[in-house]
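Colleague: what's the 3D shape of this:
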Amino acid sequence: MALALSTVLACTTLAGLSVQGSAATAPKTLEKVTLQLSWLPQSDFMGFYVADKKGYYKDAGIQINILPGGSNVIPEQQVSAGIADVGVNLTSSLMQYQSKGWNLQEISQIFQKSAMLFVSKKSKGIKSIKDLKGKKIGCWFGGNEYDLYALLAKAKLDKNKDVTLVQQDYTMDQFTSGKIDVAQAMSYNEYGLLLEAGYKKSDMNVISVETEGVAMLEDCMFTNTTWAAKHSDLLVRFLKASIKGWKDACKDPDAAGKIVYNKDKSVSLKHQVYMAEEVAKLVAPKGFDSAKIGYMDTKALKRTSDLAVKYGLLKKPANLAKCVNVTYWKKSTSR
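Modeller: Numbering: from 1, shown residues only. Below you'll find the model as predicted:
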C-alpha cells in the first residue's frame, strides 16, 4: 500500500539525506579544527569542553578535536608542525617562540588576570615580599620562574644571593613537609589542594603577583599565521563557538566543572568544580564585560613583554603589531 506523497515528503530520511518540502539537502559537512591544550583536561580549559558538550562547535560547522597536553607536550611545536591548528599556552611562552622567528600569532587572551601565588605557612612570618629574604622558595622552572624573578626584584632581593630557589614538583608535598618555606601555586589548583588538605586560609600567607603588579599574562590562544590567513572564516567560527562556551562556563562554573570532570576523572569532582569557580574569576573578573572574553589588552601584553626582556626570557621586546592579531577576535565578537 503506497504512502501519500505528503507523508513521504515530511518523513523520509535516506542515506543521510533529509527531505523537507520538495527539496532534498545533504547535512552540512563539518570542518575539522584541532586544539592543543597545554595540560591535562582541567577546568582551566573549561570553556572549550563546555562548547563541545553543548554542540557550539557543531553548530558552527566544526568537528573539534581537543588534544590534552602534558609535561612533554609543547603547544607551540604542535601548532608549528601542523599537528594542531590552534594552541593554548602562557602568553610569555608564546612570545619566546615568536622571538625565535616561529610563524605564530596570538588570537585571543583567555586569562585576563594571573593565577600565580606564592604561599607560606603563617608560622614563617612572610607577610610581604621583603620577608622572602633568606627563605627556600619553590618554583616550577621552565617558564614559570620569571614572575618570581620580578617579584624578588621589586623588593630589591637578589635571586642568586638573598633566597634559595628550589625546583618544585607538581604536588604540594614539599610545602606540607616543610622542605620549602614558600610554594608556588595557582589560585585555581594548588592553593585549592591545600585547602582541601585541611589548611585554612588563616593558616597561610599569600603573595599574589597580580596584586604586586608584576604579573605576566597566562593562558592565550594562538595559531600559525599562514594557516589562519587561509582559514579565516573557520577560525572566526571557532573563536565565536569557543567564546560562547567560555561565557557559559563563567556564568555557571559548577556545571562547567562537572562537564570537565566527566571528560577525565583525574581529580575529584569537588576539586574540578573549585577550579572552575576560580578560573571564572580570571577569565571574566569582577566588573569585566563578558562580551569581551578573549580581549587582548595592549598594556598587559606590553608589561608581559617588558618583564620577559628584563628577566631574560626575551632578548628584545615583542613586536606586538606582528605577534598579536586582533582581527579574528573582533569578527568573532561582533554582533
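Colleague: confirm that I207 sits in a helix.
Modeller: No. I207: not assigned to a helix; according to DSSP: H, G, I helix; E, B strand; the rest coil it is strand.
Colleague: for the remainder of this discussion, apply numbering that starts at 10.
Modeller: Shifting the count to begin at 10 puts that one at I216.
Colleague: so what's it closest to, chain neighbours aside?
Modeller: Nearest non-adjacent residue to I216, counting by Cβ to Cβ, 6 or more residues apart in numbering: F127, 4.5 Å away. For the C-beta atoms, the positions are set from N, CA and C on the backbone; glycine is no exception.
Colleague: what about the one you found, which helix or strand?
Modeller: strand 125-130 (DSSP states H and E).
Colleague: counting by contacts, list what that strand packs against.
Modeller: Counting contacts by 3 or more Cβ pairs under 8 Å, 6 or more residues apart in numbering; DSSP states H and E, strand 125-130 is packed against helix 155-163, strand 191-195, helix 199-205, strand 213-217.
Colleague: which other residues reach it?
Modeller: With contacts defined as Cβ atoms under 8 Å, 6 or more residues apart in numbering, strand 125-130 is touched by 135, 141, 144, 146, 153, 156-157, 160, 184, 190-196, 199-200, 203, 212-219, 224, 227.
Colleague: ok and that strand relative to strand 191-195, angle-wise?
Modeller: Here strand 125-130 points in a direction 140 degrees away from that of strand 191-195 (axes from the mean of the first three to the mean of the last three Cα atoms, to 10 degrees).
Colleague: now stretch 122-142: buried residues?
Modeller: 122-130, 135, 138, 140-141 (16 or more other Cβ atoms under 10 Å).
Colleague: farthest-separated two in those?
Modeller: The most widely separated members of these, counting by Cβ to Cβ, are K122 and K130 (25.2 Å).
Colleague: phi, psi of D94?
Modeller: D94 adopts backbone torsions of phi -90, psi -30, taken as degrees, to the nearest 10.
Colleague: let me see the contact set for it.
Modeller: 42-44, 88, 232-233, 236, 240.
Colleague: cool, and L157?
Modeller: Neighbours of L157 in contact, by Cβ under 8 Å, 6+ apart: 127, 146, 148, 168, 174, 193, 218.
Colleague: pick the one among those closest to E115.
Modeller: Checking the contacts of L157 one by one against E115 (Cβ to Cβ), the nearest turns out to be V218, at 20.2 Å.
Colleague: per-residue confidence for that closest one?
Modeller: Looking at V218, its pLDDT reads 96.
Colleague: thought it was touching Y158?
Modeller: No. V218 is beyond contact range of Y158, at 10.6 Å (criterion: Cβ atoms under 8 Å).
Colleague: look at those two and report which has more neighbours.
Modeller: Taking neighbours as other Cβ atoms under 10 Å, V218 and Y158 compare with V218 leading, 23 against 19.
Colleague: can you pull out the strands in the chain?
Modeller: 22-23, 26-29, 32-34, 40-45, 71-76, 95-99, 113-118, 125-130, 145-148, 173-176, 191-195, 213-217, 228-233 (DSSP state E).
Colleague: any chance of the buried residues of stretch 122-142 in TSV, plus distance to D178 and pLDDT?
Modeller: Formatted as TSV, the buried residues of stretch 122-142 follow (distance: Cβ to Cβ, whole Å; pLDDT from 0 to 100):
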residue	distance to D178	pLDDT
K122	25	97
S123	21	97
A124	18	97
M125	17	97
L126	17	98
F127	16	98
V128	15	98
S129	17	98
K130	18	98
I135	21	98
I138	24	97
D140	24	98
L141	20	98
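Colleague: between these, which is nearest K272?
Modeller: A124 (20.8 Å).
Colleague: longest helix in the chain, by residue count?
Modeller: helix 241-260 (DSSP state H).
Colleague: what's next to that helix, contact-wise?
Modeller: Counting by Cβ under 8 Å, 6+ apart, 40, 42, 55-61, 63, 65-66, 68-71, 73, 95, 116-117, 119, 230, 232, 237, 264-265, 285, 288-289, 292-293, 299, 302-303, 337-338, 340-342 sit against helix 241-260.
Colleague: got it, and stretch 74-90?
Modeller: 41-50, 54, 57-58, 61, 92-98, 102-103, 106, 111-113, 231-233, 273.
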